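J.: All I have is the shape, not the residue letters:
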């Protein structure tokens, strides 16, 4: 299961490669997922009606994973671990990582250095193909 992070989807919305090609490839290969946290970030960032329509169309093509009790527990464990090690992540990123860990999913992100600190989180590289 591949979960697209916010940064990758923003790049795709802006027509930036390799995000456009990778998202197209993943959608063709099978379902592509994102999180409810990323959906919120994209929807809240869409300022105009046109941007809202474009974001809505993209989200309609994806399967959106919700924040569940299990993923909240994973996110909380991630937050505690990183805070205690002096390398905290923003709340939204802890939630995204928690959802991915709960589903044993691969997070497709440009922000490798940011998320590689999360134990047990599998990361996908944007340029890699299936």
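T.: Nice, I can see it. Keep in mind it's a predicted model, so treat the numbers as computed, not measured.
J.: in whichever strand or helix holds residue 7, what's buried?
T.: In this assignment (DSSP states H and E), residue 7 forms part of helix 6-13. Judged by neighbour count using 16 or more other CB atoms under 10 Å, the buried positions of helix 6-13 are 6, 7, 8, 9, 10, 11, 12, 13. In this view, the C-beta of every residue, glycine as well, is placed from N, C-alpha and C.
J.: what's next to it, contact-wise?
T.: Residues outside helix 6-13 that contact it (CB atoms under 8 Å, 6 or more residues apart in numbering): 4, 19-20, 22-23, 34, 37-38, 41-42, 45, 54-55, 58, 92, 96, 108-111, 126.
J.: Next secondary structure after that helix?
T.: In N-to-C order, the element after helix 6-13 by DSSP H and E is helix 19-29.
J.: how far does the top helix by length along the chain sit from the chain's center?
T.: Longest helix in the chain by number of residues (criterion: DSSP state H): helix 69-84. Distance of helix 69-84 from its chain centroid, counting by CA atoms, centre = their mean, to the nearest Å, is 16 Å.
J.: And that helix, what's buried?
T.: Neighbour counts over helix 69-84 (16+ other CB under 10 Å) mark 71, 74, 75, 77, 78, 79, 81, 82 as buried.
J.: likewise stretch 86-96?
T.: With the criterion 16+ other CB under 10 Å, stretch 86-96 contains buried residues 89, 93, 94, 95, 96.
J.: same question, stretch 38-58
T.: If you call a residue buried by 16+ other CB under 10 Å, then stretch 38-58 has these buried ones: 38, 39, 41, 42, 55, 58.
J.: what does it rub up against?
T.: With CB under 8 Å, 6+ apart, stretch 38-58 has contacts from 4, 5, 6, 9, 10, 12, 13, 59, 64, 92, 96.
J.: before we move on, what about stretch 94-102?
T.: 3, 5-6, 35-38, 65-68, 70-79, 82, 89, 105-107, 115, 118, 120-122.
J.: and with 6 Å instead?
T.: When contacts are taken as CB atoms under 6 Å, 6 or more residues apart in numbering, the neighbours of stretch 94-102 outside the stretch itself are 3, 35, 37, 65, 70-71, 74-75, 78-79, 107, 118, 120-121.
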